[in-house]
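A.B. asks: Whatever this is, show me its structure:
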Amino acid sequence: MALPSIFAAMRTPPAAPDTPDRLPLEQIRHQLHQTLHDCKSIDAQRIIFRINTADTPADLWLLRSDLYQCIARARDQTEAARRINALLGTFSGWLPAAQLTPI
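C.D. replies: Numbering: from 1, shown residues only. Sure thing, here's the model as predicted:
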């Protein structure tokens, strides 16, 4: 009896309806590229590849941890947190508001 509820919980939520304030995927990619502008390591190149090949804004959202680590290595943790938190508005309309929390 519990199986249907488990599978229902694993389903991806429906996409938010199109709203004029949602940025297109390419603009979100551009914002993430700008976040890494001074990171030149091989890790940064791998992250850039993953940014370029992400299929959805949700896939890009999941790269935040990698972005944070790369920026923190190149600069410091305070700067990394500032840059990651600056991306919150970029994902507005694509993700539930409860997920758009600062680090």
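
A.B. asks: Please count neighbours and contacts with C-alpha atoms only from this point.
C.D. replies: Noted.

A.B. asks: Centre of the chain to stretch 90-99, how far?
C.D. replies: 10 Å (C-alpha atoms, centre = their mean, to the nearest Å).

A.B. asks: what's the average pLDDT for that stretch?
C.D. replies: For stretch 90-99, the mean per-residue pLDDT is 94.

A.B. asks: what about dumping the CA coordinates of it to PDB?
C.D. replies: The C-alpha trace of stretch 90-99 is given here as PDB (Å, rounded to 0.1, in the frame of the first residue of the first chain):
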ATOM      1  CA  THR A  90      18.300  34.000 -11.000                       C
ATOM      2  CA  PHE A  91      16.300  30.900 -10.200                       C
ATOM      3  CA  SER A  92      13.100  32.700  -9.200                       C
ATOM      4  CA  GLY A  93      10.100  31.100 -10.900                       C
ATOM      5  CA  TRP A  94      11.900  28.000 -11.700                       C
ATOM      6  CA  LEU A  95      12.100  26.400  -8.300                       C
ATOM      7  CA  PRO A  96       9.800  26.400  -5.300                       C
ATOM      8  CA  ALA A  97      10.500  29.500  -3.100                       C
ATOM      9  CA  ALA A  98      11.300  27.200  -0.100                       C
ATOM     10  CA  GLN A  99      14.400  26.000  -2.000                       C
END
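
A.B. asks: Please name the residues that touch residue 91.
C.D. replies: 22-23, 28, 57, 61, 100 (C-alpha atoms under 8 Å, 6 or more residues apart in numbering).

A.B. asks: got any ranges where this structure has weak pLDDT?
C.D. replies: Low-confidence segments of the chain (pLDDT under 70): 1-20.
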